[in-house]
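In: Can you look at this prediction? I've put the sequence above it.
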Number of protein chains: 2
Amino acid sequence: MTDLQIAQSVQEQHIRDIAAKLNISEENLEYYGNNKAKLPLSLINEDKVNSNNLILVTAITPTPAGEGKTTVSIGLGDGLNYIGKKAMTVLREPSLGPVFGIKGGAAGGGHSQVIPMVDINLHFTGDFPAIEKANNLLAALIDNNIQSKGRSLGIDPRTVLWKRCMDMNDRALRNIVAALGGKAGGVPNETGFNITAASEIMAILCLSKDFEDLQLKCGNIYVGDTFDGQPVYARDLNAQGAMAVLLREAIKPNLVQTLEGNPALIHGGPFANIAQGTNSILATKMGLSLSDYVVTEAGFGADLGAEKFLNIKCREAGFSPKTVVLVATIRALKYHGGKPLDELTNEDTAALKAGLPNLERHIESLKSFGIPVVVAVNAFGSDTEAEKELLINHCSSMGIPVAISNGWADGGKGCAELAEKVVEAVAGCKSTFRPTYNLEDTLLTKIEKICTNIYGASDVELSAKARRQLKRFEDLGYSKLPVCMAKTQKSLSDNDKLLGRPENFSIHIRELEIAAGAGFVIPIAGNMLRMPGLPATPASENITIDKDGNITGLF
Amino acid sequence: MTDLQIAQSVQEQHIRDIAAKLNISEENLEYYGNNKAKLPLSLINEDKVNSNNLILVTAITPTPAGEGKTTVSIGLGDGLNYIGKKAMTVLREPSLGPVFGIKGGAAGGGHSQVIPMVDINLHFTGDFPAIEKANNLLAALIDNNIQSKGRSLGIDPRTVLWKRCMDMNDRALRNIVAALGGKAGGVPNETGFNITAASEIMAILCLSKDFEDLQLKCGNIYVGDTFDGQPVYARDLNAQGAMAVLLREAIKPNLVQTLEGNPALIHGGPFANIAQGTNSILATKMGLSLSDYVVTEAGFGADLGAEKFLNIKCREAGFSPKTVVLVATIRALKYHGGKPLDELTNEDTAALKAGLPNLERHIESLKSFGIPVVVAVNAFGSDTEAEKELLINHCSSMGIPVAISNGWADGGKGCAELAEKVVEAVAGCKSTFRPTYNLEDTLLTKIEKICTNIYGASDVELSAKARRQLKRFEDLGYSKLPVCMAKTQKSLSDNDKLLGRPENFSIHIRELEIAAGAGFVIPIAGNMLRMPGLPATPASENITIDKDGNITGLF
């Protein structure tokens, strides 16, 4: 059965009944159909946020074999409910770009899914479009001010940093020249689009604490410079109010359900390679207000998602997870060990052993934060007993609790053992996490600490442009901000090809971007792009709708 | 009281109760909050579509004084209910572009409004964003195919007609060069964005009859030519399925309520100057399926909205309105008569008289369709008895029923007289409408008939480019399509400055666009642009949100 068929075989509950499990009354629900609802921010209870248990799910370096981090997150949430805990999974919203590109949906798989999966993967409750509108309104206001005679702020179009965004894999929008066509078309300028998941507005939405904070952060966006070299902020254009109004609904977390009828929140969707990679602070707070245990995930490998989750989001929100679950698969470890993609279903303990250093590196990184780590082995049918034994023994020898996660095949029941180990680890956690760097460190020191302590790099090389930008950002007073690395997810290094645990490599920072509203600096490593392209055969080509509105080919 | 304050002073009914008035059960509602719902297409009943009564509201040539067509439409719908008829208002969805530009919201005014007005004016139920995604997915697929080596269709990037779209007044996106940045960025090409309300996908959504028709029309979009000069359609890129899937929810009409608790549908929002200017065929059908009387509106003056409503939409859908209501205001007629904007509140029967030819021209045009016309004088506090008497007598002397519309001040009660006259006119209508041109006419003849018979032009002048394009579209087999003029709304001519009833003028067709999926040819008259800009002081600057999420400055 396909994921869609499994999802459709389950009797969906009315979202009113899911909310009732959380003691949320109907007047607090803003319905989007019968199976989705937005929750008002008034349901957040800071006491419960502080006392309940946050669990982060992260992964080894991703491979084409698939790791199933979302599947494990949902399975673990269901597993905790299965063993009698009150638990909730809090996830990011999928981006449409990849849905029509290569990878299809992002709502879990098998018997560990959130539903309605089609809606979640398409427009959902309209959060991404709202983010685009707020982002692109600011862009229009900037160009309009440059065009305007009487009310000009003197913005130098050559210095404008603000890009438009679109939730689409569209390489043609990466670099454009806009405002052509003569005087009526504006002042021509070089610009471009980022994918919405990488936009600063997405980051702001995910890091805002309330409506006022949202408006303030929008106003703080650094737009570019005047001809005199003075910085211009979005608030200088009076843009922040209209931007926040456009985000008024988008800022509210979305309630859905898992296939087992447990509540789940899905809110905010920054990518972890080119953005901060975690769902919203408000969704995490909402989860912690409504549940004893919150299982959340951060994108791609622990070098990206987990590092940013801890150093950016948790520091900003005052969260400290009680346990980090590191997802690995035997298939992916064999791939890191050098085995080709089409041979991963064959038993190969040597390849598995050769791939273990990638797992080790991530365990070491996570241990540096000073909180408990549990390894979840996401089971595949091709895993052999010898392979499983080798992996489990290896983790045990490192002193790391480990469990096989059978959520894909068996849902919550298949994750019961993992859930028990996580509960135990949570109970044993007595400390708050230790960040990788201090906010007082210079921007360069912060970058260096991430590269060496988390990626295992020997050093960092900055281009001349990056050095110049670093200086500019420091001069503007941004030296106390955290950094949000843009780096390939495919390797611990900035080179896609280096699998496993690369050693003796440098990280090359090509240029930097500033997200002054969201509150971080973005060093761009290697050849990372913040607007992807479509593959030669886009997944969209197989999608159709029939006369009754039924969809085929989406998953 | 502001419109927003009036709207907030009324106790909103749960949309479930509004639906109940139409005998729609709860399982047929897709809620968007408690006050909005999408309706399934299965509620459409073709027998009722054919037997119930369609009423079109249109207007004289709009002026900065404001005519209040939407206010009259809502007031008339409420008025029909007030006099005991089962009636429903069916409107277009507002575009965000103007909301942040000059004019604020578009959900009626005073005591004739549809609610929730803030939602309706912002993202509403996500239809516009879905249209953008479908539109922009096709653009990405085109550029991706040009970039792709193995699967290239040989599209010549210089011939691509398909533009991206965005619901934003952003002149900088009107003309761009995209796909820059070297080989990885694609093949550079000149392109641009239209505002979403002017996009072909908006037109397709509004003209589609069901999911299959939607998918078919998406596939028929004419994208550009190969290097060999062969036409390329969206179906050649297998784009139509994914596009239709993106529009799966957007195609369903949206149910809301008027301030008096009467049901209203709001669906589809093409502008009438640069697009076909009417709501969706499906919403009109839905209204006719659920109500004895459906009041709908078409954008701007009768030369634009009403002409397109009849010649494009009604012909395509097989509708024939039983009455057309022509909205005029004394203020606007005085403006047409040469009175300056800041003196319109002073009595001036001479100016009013001088402005009447504009009204006359629209009455003549509407009478050419062979269906009853009723004039609605949208009342303003500054109208004097002498002015009202003059206007009413003038209409009566032309044999046209006329009523003062007091919907702004008094809601449905204030439109009772208008409603009575409309019911009488509807009862007297025994014929179906007579189109301005036949589909068998050549494209040029169609353009000429509209310009002379509706605008009152003496002739039509085509640029060399327009003549070339006309030839190309005819060669491609599009000669039987209707035409959808892009012309200024501010004058019957193509020159903004010519108020009243211009005589002895030519219409200049600068160029043409083809909407092969929607099924019409777009001649662009004068200096019309299909992507507006923001004014020097955008309305967005005054908008703010407070800590509880309350909005100020939006209306």
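Out: That came through, no problem. Since the structure is predicted, the reported quantities are computational estimates derived from the model, not experimental observations.
In: Show the subsequent helix or strand relative to the longest helix seen in chain A.
Out: Longest helix in chain A by number of residues (criterion: DSSP state H): helix A:127-147. Sequence-wise, the next helix or strand downstream of helix A:127-147 (DSSP states H and E) is strand A:164-166.
In: Sheet-wise, list the partners of that next one with their directions.
Out: strand A:193-195 (parallel) (DSSP bridges).
In: So which other helices or strands are in contact with the helix or strand that the partner strand is followed by?
Out: For strand A:193-195, the following helix or strand on the C-terminal side (DSSP H and E) is helix A:200-207. On a contact count with 3 or more C-beta pairs under 8 Å, 6 or more residues apart in numbering or on different chains; DSSP states H and E, helix A:200-207 meets helix A:127-147, helix A:211-219, strand A:506-515. Every C-beta, even on glycine, is put in place using the N, C-alpha and C of the backbone.
In: Direction-wise, compare helix A:200-207 with helix A:127-147 and give the angle.
Out: Per axes from the mean of the first three to the mean of the last three C-alpha atoms, to 10 degrees, the angle that helix A:200-207 makes with helix A:127-147 is 130 degrees.
In: Now helix A:200-207 - C-alpha only, CSV.
Out: Extracted C-alpha coordinates of helix A:200-207, given in CSV (Å, rounded to 0.1, in the frame of the first residue of the first chain):
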residue,chain,number,x,y,z
GLU,A,200,13.5,35.9,6.5
ILE,A,201,9.7,36.3,7.0
MET,A,202,9.5,32.5,7.5
ALA,A,203,12.3,32.8,10.1
ILE,A,204,10.5,35.8,11.8
LEU,A,205,7.2,33.9,11.9
CYS,A,206,9.0,30.9,13.5
LEU,A,207,10.9,33.1,16.1
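In: I'd like the average pLDDT over it.
Out: Helix A:200-207 shows a mean pLDDT of 98 in the predicted model.
In: now swap in stretch A:252-267 and tell me
Out: 98.
In: and that stretch, how far out from the chain's middle?
Out: Taking C-alpha atoms, centre = their mean, to the nearest Å, one finds the center of stretch A:252-267 at 17 Å from the center of the full chain.
In: Can you report how many residues lie near A:Y478?
Out: Neighbourhood size, A:Y478 [other C-beta atoms under 10 Å in any protein chain shown]: 18.
In: thought it was touching A:E513?
Out: No - applying C-beta atoms under 8 Å as the test, A:Y478 and A:E513 come out as separate, 11.5 Å apart.
In: number of nearby residues for the closest residue to A:G108 other than its chain neighbours?
Out: Distance criterion C-beta to C-beta, 6 or more residues apart in numbering or on different chains; nearest residue to A:G108, sequence neighbours excluded, is A:I74 at 4.3 Å. Using other C-beta under 10 Å, A:I74 has 34 neighbouring residues.
In: ok, so what distance separates A:I74 from A:D548?
Out: A:I74 is 29 Å from A:D548, where distance means C-beta to C-beta, to the nearest Å.
In: same check, this time on A:F520
Out: According to C-beta to C-beta, A:F520 stands 47 Å off from A:D548.
In: who has more neighbours, these two?
Out: Using other C-beta under 10 Å as the criterion, A:F520 and A:D548 rank with A:F520 on top: 26 against 10.
In: Surely the more buried one is in contact with A:P482?
Out: Yes - here A:F520 reaches A:P482: they are 5.0 Å apart, a contact under C-beta under 8 Å.
In: any common contacting residues for the two?
Out: A:I312 (C-beta atoms under 8 Å, 6 or more residues apart in numbering or on different chains).
In: Around the nearest residue to A:N136 once chain neighbours are set aside, how many other residues sit close by?
Out: Spatially, and ignoring its direct neighbours in sequence, A:N136 is nearest to A:R164 (5.0 Å; C-beta to C-beta, 6+ apart). Neighbours of A:R164 under the rule other C-beta under 10 Å: 26.
In: A:R164: what's it in contact with?
Out: If you count contacts by C-beta under 8 Å, 6+ apart, then A:R164 has A:135-136, A:139, A:173, A:191-194, B:173 around it.
In: Please repeat the previous calculation with a cut-off of 6 Å.
Out: Residues near A:R164 by C-beta atoms under 6 Å, 6 or more residues apart in numbering or on different chains: A:136, A:139, A:193.
In: Rebuild those residues as CSV, extending it with pLDDT.
Out: Converted to CSV, the contacts of A:R164 look like this (pLDDT from 0 to 100):
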residue, pLDDT
A:N136, 98
A:A139, 98
A:F193, 97
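In: Between those, which sits nearest chain B?
Out: A:N136 (5.5 Å; C-beta to the nearest C-beta).
In: Is A:K421 in contact with A:V374, as I believe?
Out: Yes - using C-beta atoms under 6 Å, A:K421 makes contact with A:V374 at a distance of 5.3 Å.
In: hmm, back to that, got a list of contacts for the longest helix of chain A?
Out: Taking C-beta under 6 Å, 6+ apart as the rule, helix A:127-147 contacts A:153, A:155, A:157, A:160, A:162, A:164-165, A:167, A:179, A:186-187, A:196, A:199, A:201-202, A:223, A:234, A:237, A:239, A:243, A:246-247, A:250, B:123, B:129, B:168, B:170, B:172, B:534.
In: what separates that helix from the chain centre, distance-wise?
Out: Centroid separation for helix A:127-147 versus its chain: 23 Å, with C-alpha atoms, centre = their mean.
In: likewise stretch A:73-89?
Out: Relative to its parent chain, stretch A:73-89 has a centroid offset of 21 Å by C-alpha atoms, centre = their mean.
In: now swap in stretch A:418-429 and tell me
Out: 24 Å.
In: got it, and stretch A:508-526?
Out: 16 Å.
In: Tell me the span between the first and last residue of it.
Out: Distance across stretch A:508-526, first residue to last, is 6 Å (C-alpha to C-alpha, to the nearest Å).
In: residues in contact with that stretch?
Out: Outside stretch A:508-526, the residues that touch it by C-beta under 6 Å, 6+ apart are A:200, A:203-204, A:207, A:217-218, A:220-222, A:443, A:447, A:461-463, A:465-466, A:469, A:473, A:481-487, A:494, A:507.
In: buried subset of these?
Out: Among the contacts of stretch A:508-526, those buried by neighbour count (16 or more other C-beta atoms under 10 Å in any protein chain shown) are A:200, A:203-204, A:207, A:217-218, A:220-222, A:443, A:447, A:462, A:466, A:469, A:473, A:481-487, A:494, A:507.
In: re earlier: name the stretch among the helices and strands packed on helix A:200-207 that sits most buried.
Out: helix A:127-147 (a mean of 25; mean count of other C-beta atoms under 10 Å in any protein chain shown).
In: between it and helix A:211-219, how many degrees?
Out: Using the same axes, to 10 degrees: helix A:127-147 against helix A:211-219 is 40 degrees.
In: And what about the residue of the stretch 251-400 of chain A found nearest chain B, helix, strand or coil?
Out: Proximity of the stretch 251-400 of chain A to chain B (C-beta to the nearest C-beta) peaks at A:I251, 8.4 Å away. Secondary structure, DSSP: H, G, I helix; E, B strand; the rest coil: A:I251 is coil.
In: mind listing what it touches?
Out: By C-beta under 6 Å, 6+ apart, the neighbours of A:I251 are A:L214.
In: 10 Å - rerun?
Out: Each residue near A:I251 by C-beta atoms under 10 Å, 6 or more residues apart in numbering or on different chains is listed here: A:38, A:41, A:127, A:130, A:204-206, A:208-211, A:213-214, A:244, A:267-268, A:280, A:282-283, B:545, B:549.
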